[in-house]
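Chemist: Need coordinates for the below:
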Amino acid sequence: MAHDNAHDHGAGGESHGNVKSYLIGFVLAVILTVIPFWMVMSGDFSRTVSGVVIAVSAVLQMLVHLVFFLHLDRSSESRWNVNAAVFTVVVIGIIVAGTLWVMHNMNVHMMH
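Modeler: Residues are numbered from 1 along each chain as shown. All right, here's what the predicted structure looks like:
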């Protein structure tokens, strides 16, 4: 009767983070925030380079948050969560791309 809970997560706590993983995630998140901030505040870079660095840093920071704070990895326990996250990203991408396409076509055909 000691283990009535059928959903025991194991003695090792594999699905939970430890202090080391949280600190690594925090340091990476801070670095990925400071780099674009510094680039924009210094003004030494073109708008294109700054925009690309901001976009890449944003994507990398989302991945850092997913892996280090939300613990989404390739383990069997989080496979459904990863699948749901991928599906969500695909749906949001379709919505954003479709919206931009419709707005572009309306601008081309209506603004003469």
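Chemist: Point out where the protein drops to low pLDDT.
Modeler: Applying pLDDT under 70 to the chain flags the ranges 1-15, 112.
Chemist: Tell me which stretches of it form helices.
Modeler: Assigned by DSSP state H, the chain shows helices spanning 19-42, 47-64, 79-110.
Chemist: Determine how far the last one lies from the middle of the whole chain.
Modeler: Just to be clear, that refers to helix 79-110. 16 Å (CA atoms, centre = their mean, to the nearest Å).
Chemist: which strands and helices sit next to that helix?
Modeler: When contacts are defined as 3 or more CB pairs under 8 Å, 6 or more residues apart in numbering; DSSP states H and E, helix 79-110 packs onto no helix or strand at all. Glycine gets a C-beta too; all of them are placed from N, C-alpha and C.
Chemist: ok, back up a step: could the helices of the chain go into JSON lines alongside mean neighbour count and distance to Asp73?
Modeler: JSON lines is the format used below for the helices of the chain (neighbours: other CB atoms under 10 Å; distance: least, CB to CB, whole Å):
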{"stretch": "helix 19-42", "mean neighbour count": "13", "distance to Asp73": "11"}
{"stretch": "helix 47-64", "mean neighbour count": "13", "distance to Asp73": "11"}
{"stretch": "helix 79-110", "mean neighbour count": "10", "distance to Asp73": "8"}
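Chemist: Kindly reformat these as a markdown table and extend each row with distance to His71.
Modeler: Output for these, formatted as a markdown table (distance: least, CB to CB, whole Å):
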| stretch | distance to His71 |
| --- | --- |
| helix 19-42 | 8 |
| helix 47-64 | 12 |
| helix 79-110 | 9 |
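Chemist: Which one of the ones you listed lies nearest to Leu72?
Modeler: helix 79-110 (5.3 Å; CB to CB).
Chemist: Now do the closest residue to Leu66 other than its chain neighbours against Met111, distance only.
Modeler: Computed as CB to CB, 6 or more residues apart in numbering, the closest residue to Leu66 that is not its neighbour in sequence is Leu72, at 4.6 Å. Going from Leu72 to Met111 by CB to CB, to the nearest Å gives 43 Å.
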